[in-house]
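> Everything below, folded, please.
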Amino acid sequence: MNKTFITHAITKTACVLVAALSTLSITPSALAFDSIDKPVEMVKAGTDPTQLDKDALKGKIKRTLGLTVIDVEATPVPGIAMLITNQGVYYASYSGDYFIQGKVYSLGATVTDLSEKSLAKIRLEGVERFKDDMIVYKAKDEKHVVTVFTDITCGYCRKMHAEMDEYNAKGITFKYLAYPRSGISDRLGNPTQGFKDLRSVWCNEDPAEALTKAKTGGKVAYRICDKPIEAEFNFGRQIGVSGTPAIILENGMMLPGYQPPAQLEEILKNI
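The predicted model follows:
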């Protein structure tokens, strides 16, 4: 095998990996080469691959992928750790040599998502942190409380909101967190329209009325104030929100997508 062929193969592999990582919004610095013939050696996260060094693993993931790891937890899978990051949940080998995108399930008597228990705790902590910055539609005879990530332009968010009286009649209080589906900034670094609209709603003198008006197609009166729209969006990404609506239940579990009033009531009764 000649040198030209090897060089071409390395270049092609690097391009494929960079393209794959770009879908995660991860900086693919791990794929740096000091020359086309000699890949840079990745630094080991620890001297013993069977021992979990959380700080070393955090450092390696930040250094190689650009991801900020908020917490690291061992899993029941030998040598595999769960990474709670600013862009969601991932997995990696203790050494940091292998990175896994996706879910890991335990196949015992029941099928268990290994990340859900940890994420449930983080979700409830976040709900508590943002409790004074939510838009609330309170049930008169409150039996249950759900926290919902929402956006103005989301069709199922509008459908759910249009049925608010029915949810409230069943004793379900809604607390909304902002999640602009278009993100916070566009490619030029300017605030997206979705972000500006949600900020305007949250900054309105009557946020609940403004949100209802916006979800029925009404014009959003422009407002600027200090509301944690970006922080709520980042919190959503951290805990696995990929679309709206996303419903956090009272036990920290999360339901993606629209749930009809009767169905949501039944779910809440059984958790």
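
> what's the neighbour count on the closest residue in space to residue 141 that isn't next to it in sequence?
Closest residue to residue 141 apart from its sequence neighbours, by Cβ to Cβ, 6 or more residues apart in numbering: residue 171 at 5.1 Å. For glycine as for every other residue, the C-beta is placed from the backbone atoms N, C-alpha and C. Summarising burial for residue 171: neighbours were counted as other Cβ atoms under 10 Å, giving 15.

> ranges for the strands of the protein?
Under the criterion DSSP state E, the chain carries strands at the ranges 33-35, 38-39, 69-74, 80-85, 88-93, 99-100, 105-107, 111-113, 135-137, 144-150, 172-178, 246-248, 254-256.

> quick one: which of these is nearest residue 159?
Evaluated over those, closeness to residue 159 peaks at strand 144-150, with 11.5 Å, by Cβ to Cβ.

> So what's the residue count around the residue nearest to residue 136 when sequence neighbours are not counted?
Nearest-residue entry for residue 136: residue 175, 5.1 Å, with adjacent residues in sequence omitted and distances by Cβ to Cβ, 6+ apart. Residues contacting residue 175 under the criterion other Cβ under 10 Å number 18.

> Equivalent analysis for residue 57, please.
Other residues close to residue 57 by other Cβ under 10 Å number 21.

> Model confidence at it, what's the number?
Among the per-residue scores, residue 57 holds a pLDDT of 96.

> Compile the strands of the chain into CSV and extend it with columns for distance to residue 49 and mean pLDDT.
Formatted as CSV, the entries for the strands of the chain read as follows, by distance: least, Cβ to Cβ, whole Å; pLDDT from 0 to 100:
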stretch, distance to residue 49, mean pLDDT
strand 33-35, 25, 37
strand 38-39, 20, 38
strand 69-74, 13, 91
strand 80-85, 11, 92
strand 88-93, 7, 92
strand 99-100, 14, 95
strand 105-107, 22, 89
strand 111-113, 25, 87
strand 135-137, 48, 98
strand 144-150, 38, 98
strand 172-178, 39, 98
strand 246-248, 36, 98
strand 254-256, 33, 94
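
> Make a markdown table out of those strands and add distance to residue 233.
Below are the strands of the chain laid out as a markdown table (distance: least, Cβ to Cβ, whole Å):
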| stretch | distance to residue 233 |
| --- | --- |
| strand 33-35 | 35 |
| strand 38-39 | 36 |
| strand 69-74 | 16 |
| strand 80-85 | 15 |
| strand 88-93 | 13 |
| strand 99-100 | 24 |
| strand 105-107 | 28 |
| strand 111-113 | 23 |
| strand 135-137 | 15 |
| strand 144-150 | 9 |
| strand 172-178 | 7 |
| strand 246-248 | 12 |
| strand 254-256 | 15 |
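
> And these: which comes nearest residue 262?
Closest approach to residue 262 among the strands of the chain is made by strand 172-178 (10.7 Å; Cβ to Cβ).

> contacting residues for the residue nearest to residue 141?
Taking Cβ atoms under 8 Å, 6 or more residues apart in numbering as the criterion, residue 171 is in contact with 139, 141-144, 265.

> Could you do residue 259 as well?
Contacts of residue 259 (Cβ under 8 Å, 6+ apart): 160, 247, 267.

> switch the cut-off to 7 Å
With Cβ atoms under 7 Å, 6 or more residues apart in numbering as the criterion, the residues that contact residue 259 are 247, 267.

> Can you give me the distance of it to residue 268?
If you measure residue 259 against residue 268 using Cβ to Cβ, to the nearest Å, the figure is 10 Å.

> ok so, going back, is the residue nearest to residue 136 bridged to anything, and to what?
For residue 175, the residues forming beta bridges with it (DSSP bridges) are residue 136, residue 147.

> What separation is there between it and residue 132?
Between residue 175 and residue 132 the distance is 11 Å, computed by Cβ to Cβ.

> which stretch among the strands of the chain comes nearest residue 220?
Between residue 220 and the strands of the chain, the shortest gap by Cβ to Cβ is with strand 172-178, which sits at 12.7 Å.
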